[in-house]
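S.K.: need a structure here:
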Amino acid sequence: MCILHLHIYMDPTLSRTGTQARESSPGNIEQQPVDNSFAATYGLKAHAPPVPSRKQEDGEDLLSLANPYAGRDNPFAARTDRDKTRKKNVLFIMTDDLRPSLSVYDKPVISPGIERLAKGGVVFERNYNQDPICNPSRDSMLSGRRPDTTQTWLFESIVPHKYSNIFRYFKEEGGYKVLGTGKLWHWTSTYLDDFHNDYFPPNSDDWNSGTDENYSMMNASVQPDKNWPEERYWDFRIASEGISLMQGAADAIDTQPFFLGVGFHQPHRPWHMPQKYWDLYDKVPVPVTPHSTWPVDAPVVATGDINPAEIGMLPDSSKRYLANPDGGVPEDAIRENVRGYHASISFLDHQIQRLLDEMERLKLVEDTIIVFCVDHGMNIGDHGMWDKRTLFETNARVPLIIRDPDFPESFGTNASALAENVDIFPTLIEMAGLPDPAGRLFPPLEGKSLVPILADPAMGSVKDFAMTQIARCCSSGCGSEKVEKVNYLKWEVCKGGNWEWNELNERVYMGYSMRTDEWRYTVWVPFDAPSRAPQWGQPLGGEELYDHRDPRCNEKGNFDMCETRNVAKDASLKKIKAELFMKLRSIVDENNLKHWKDEWEKEEGLRKTKNEK
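M.R.: Numbers count the residues shown, from 1 in each chain. The predicted model follows:
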């Protein structure tokens, strides 16, 4: 069956009307078969195309694209004595699936715009998300509560709208003009009332249609395209809308500060970018994923997105690679995917440049807080995994850059302190001088303000842990088998919504992973979604312990180095593991919704009585 999708293409920089036809992809590349035992095992075919290197054809100056700020001053790094009686604006930039693969994290990725921002802010080297899936991660970050409190672990259609969030708090408590565009919430339409503007796009269906327009036209993972103008790409349009909103907000800056949220999609897979960003990496070394096989002694329940069916390649190739945790994907395939990932990041970076350049032109830099954050990380063959939904550093650790013009002494610094996405909400409140949320928000925020680190990036930390979690299910075929004997293909991301996923599966575990200065400890606990609680009294599905005591593990560029061997069964570490387990459990229980149940029911009762009157 062939399904034809026709999309109306709307460009906010123009009139948001009109249509454009899809161009065809480049011609085919000669195909070379490769041996793949995993493919043979499952009766599938696997092939490997060569990695092409196309020369620039449109005369683009790649040097200027890679280094657009050569010889220019950086106003974001300028230390000025601003009038602190003026309220600070906020530019909140979020993107999707970006691990710390940036030049500011010592990775060979061309990202001059983010470099420019980093020179005027603090780079948090060890920041972690709370659930490596878009929906629960964003609900947690933007509401300031952990997934067990928001009750959003997967793609449940019920989101914590009853809780306040970053945008609503700045609107209601701060009197800000709150504006937004792009992918901020995963389900945007639930939150339209929190923004003053006509949101673009207005709901998730439109977002997905835009995604289809960009990503379904070619069946491949890596999609450089020399036929599309940059203005046609979805993230370009989001940046254009952000610029338009910034311009309008600047006109009223004397009477009302603004909070502008701009959410991008790249480098979410497939990696789609104009050809010139792919060409940037013709002469830049593209690394092969260094640890492409499953960690020694790691439990199979820990597997995430392995994409056992296929790993797509360039649009002009029909080749697909088959993946599994034991490896099996050829080096050139991994390298090409890494190159596609890096090129899509460079395309994203250019959109961020456009926002920063407009802020400079409008002379808003001196009075604007800037936050650059990410929902979760990404695997590019790491541990044999592709995409997300694992609790390793590659999925849990994400970039965070914060610029506050009131802390010029922190400009251009790095902070090694542990931080979490759930800390962003309280940090923004304190930076903006908004009312203390204590007693104003229920349940209370579960993160901590990072302002002390902005004031002194060299300080130790405001917390001694970071927590990430994810639900893992076996829908059929588990039977009475021990967890470690269940084939990894049986473990999957739980499906369903409104907690029905707990009833659709034979086994359900919640993986809780705690990162400390020296360790990553992960425990897989049977989980009862109807009661919203882990079942600590039942047998565990597995434990993981990764040793991060080697100083190199904590260097900002080595987020993918120290989780190749699970040492949870090492007898010499029994005491350490027991201590970590008790600490993790206390954190989970403290932030579980049951902790607030009685107060929440009382609150709901009072609200109901008030509404009846």
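S.K.: where does this structure dip in pLDDT?
M.R.: For the chain, applying pLDDT under 70 flags the ranges 1-61, 157-161, 205, 207-220, 307-319, 593-613.
S.K.: remind me, longest helix of it?
M.R.: What stands out as the longest helix in the chain, according to DSSP state H, is helix 331-361.
S.K.: quick one: buried residues of it?
M.R.: Neighbour counts using 16 or more other CB atoms under 10 Å place 332-356, 358-360 of helix 331-361 among the buried residues. In this view, the C-beta of every residue, glycine as well, is placed from N, C-alpha and C.
S.K.: try stretch 401-417
M.R.: 401-408, 410-413, 415-417.
S.K.: let's see which of the residues you listed end up in strands.
M.R.: Counted as lying in strands by DSSP state E, out of the buried residues of stretch 401-417, are Ile401, Ile402, Arg403, Thr413, Ala415, Ser416, Ala417.
S.K.: wait, is Ile93 part of a strand?
M.R.: Yes - applying DSSP: H, G, I helix; E, B strand; the rest coil, one finds Ile93 inside a strand.
S.K.: now the helix or strand Ile243 falls within: how far from the chain's centre is it?
M.R.: For Ile243, the element it lies in under DSSP states H and E is helix 234-251. Remark: helix 234-251 is offset 22 Å from the chain centroid, using CA atoms, centre = their mean, to the nearest Å.
S.K.: centre of the chain to the helix or strand following it, how far?
M.R.: On the C-terminal side of helix 234-251, the closest following helix or strand by DSSP H and E is strand 258-263. What separates the centre of strand 258-263 from the centre of its chain is 17 Å, taken as CA atoms, centre = their mean.
S.K.: who does strand 258-263 pair with, and is each partner parallel or antiparallel?
M.R.: Using DSSP bridges, the strands paired with strand 258-263 are strand 89-95 (parallel), strand 177-182 (parallel).
S.K.: give the next helix or strand downstream of it.
M.R.: The helix or strand immediately downstream of strand 258-263 is strand 271-274, counting by DSSP H and E.
S.K.: alpha carbons of that following strand, as CSV, please.
M.R.: Extracted in CSV, the C-alpha atoms of strand 271-274 (Å, rounded to 0.1, in the frame of the first residue of the first chain):
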residue,chain,number,x,y,z
TRP,A,271,19.6,13.7,10.6
HIS,A,272,18.5,16.1,7.8
MET,A,273,20.4,19.2,6.9
PRO,A,274,21.4,21.3,3.8
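S.K.: which elements pack onto whatever helix or strand comes next after that strand?
M.R.: Counting by DSSP H and E, the next helix or strand C-terminal to strand 271-274 is helix 275-279. Under the contact definition 3 or more CB pairs under 8 Å, 6 or more residues apart in numbering; DSSP states H and E, helix 275-279 sits against helix 62-66, strand 222-225, helix 331-361.
S.K.: turn those into CSV, columns for distance to Glu484.
M.R.: Shown next, in CSV, are the helices and strands packed on helix 275-279 (distance: least, CB to CB, whole Å):
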stretch, distance to Glu484
helix 62-66, 47
strand 222-225, 35
helix 331-361, 27
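S.K.: so who does the closest residue to Leu260 other than its chain neighbours touch?
M.R.: Closest residue in space to Leu260, ignoring its immediate chain neighbours: Leu179 at 4.8 Å, by CB to CB, 6 or more residues apart in numbering. If a contact means CB atoms under 8 Å, 6 or more residues apart in numbering, then Leu179 has Phe195, His196, Asn197, Leu245, Ala249, Phe258, Phe259, Leu260, Gly261 as its contacts.
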